[in-house]
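K.L.:
I'll drop the sequence and a predicted model, then ask my questions.
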Amino acid sequence: MYDQEKIKPYGEGEKASQVEQMFDNIAPTYDKLNHRLSWDIDKGWRRKAIKALAPFKPQSLLDIATGTGDFAILATQMLQPTRVVGADISEGMMEIGRQKVKALGLDSIVTFEKEDCLHLSYNSDTFDAVTAAFGIRNFADLDAGLREMYRVLKPGGHLSIVELTTPVKFPMKQLFHIYSHTVLPVYGRLISRDTSAYSYLTKTIEAFPQGERMVDILMKAGFAEASFRRLTFGICTMYFATK
């Protein structure tokens, strides 16, 4: 069991149902907070993760822990696939995603489906690519979630992940610690009215395995190749893996 799997938003009880409740709670303010707390840098991180897929021209994509669909939308605009499925545990988040997709006229390509990411309903070898932005940190069982992502990928398919991480070098490591323990939870609480959500976020970022350790975990899940690249002084890390 990895350390972040033990961290829950609201104390006692099953992690998955608490994560669902938390994201339903913060859904109306999630996009605003996400972009403001990262000074919009999160958009660039997603762009890099999608660019890594571009040479392979994937036609069918599964976006895991899709939330309000930012990654699914950007992937559709940049890669022009025929089918994108956004899967998430939170209906509240996906409902906002559906509105965004409809407004952009992409609803014939992008669909949203409620899924338990540890037990996906899709057949094996279904998707050309699987993506995930800032979501796998919330899995109650990281190994099971990654094995499912591997399973639904076609042979030769690719996994592209961006995840928040803690910087490893001075002074960014120290600066990020201060920011994530002061600005992030306080501002998150003010905007979202959820006192637990953004302190939970900080704790899971710090506890989540990263870098070489995460590459080893991906290989253990079955991937033939896996690599990582730190972005913006290590505040975010991009992982790329091949089935």
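P.N.:
Right, received. Where do you want to start?

K.L.:
count of residues packed around Phe170?
P.N.:
8 (other C-beta atoms under 10 Å). In short, each C-beta sits where N, CA and C put it, glycine included.

K.L.:
Quick one: list the elements packing against the longest strand that the chain contains.
P.N.:
Assignment by DSSP state E gives strand 153-164 as the longest strand of the chain. Judged by 3 or more C-beta pairs under 8 Å, 6 or more residues apart in numbering; DSSP states H and E, the packing partners of strand 153-164 are helix 41-51, strand 127-133, strand 236-242.

K.L.:
and the closest residue to Ser121 other than its chain neighbours, what does it touch?
P.N.:
Counting by C-beta to C-beta, 6 or more residues apart in numbering, Ser121 lies nearest to Glu115, which is 6.3 Å off, once chain neighbours are set aside. Residues in contact with Glu115, defined by C-beta atoms under 8 Å, 6 or more residues apart in numbering, are 87-89, 121.

K.L.:
So what touches the lowest-mean-pLDDT helix or strand in the chain?
P.N.:
Counting by mean pLDDT, DSSP states H and E, the weakest-scoring helix or strand in the chain turns out to be helix 183-192, with a mean of 78. Helix 183-192 is contacted by residues 25-26, 29-30, 32-33, 36-37, 194-195, 197-199, 201-202 when judged by C-beta under 8 Å, 6+ apart.

K.L.:
Lowest-confidence one in these?
P.N.:
Checked by pLDDT, these have Leu37 as the lowest-scoring entry (72).

K.L.:
coming back round to it: for His181, which of the helices and strands packed on strand 153-164 is the nearest?
P.N.:
Using C-beta to C-beta as the measure, strand 236-242 is the one of the helices and strands packed on strand 153-164 that comes nearest His181, at 18.0 Å.

K.L.:
model confidence over that closest one, on average?
P.N.:
For strand 236-242, the per-residue pLDDT averages 98.

K.L.:
Which secondary structure elements does the top helix by length along the chain sit against?
P.N.:
Criterion DSSP state H: the longest helix present in the chain is helix 15-37. Judged by 3+ C-beta pairs under 8 Å, 6+ apart, helix 15-37 is in contact with helix 41-51, helix 91-103, helix 183-192, helix 197-207.

K.L.:
Perfect, I'm done here.
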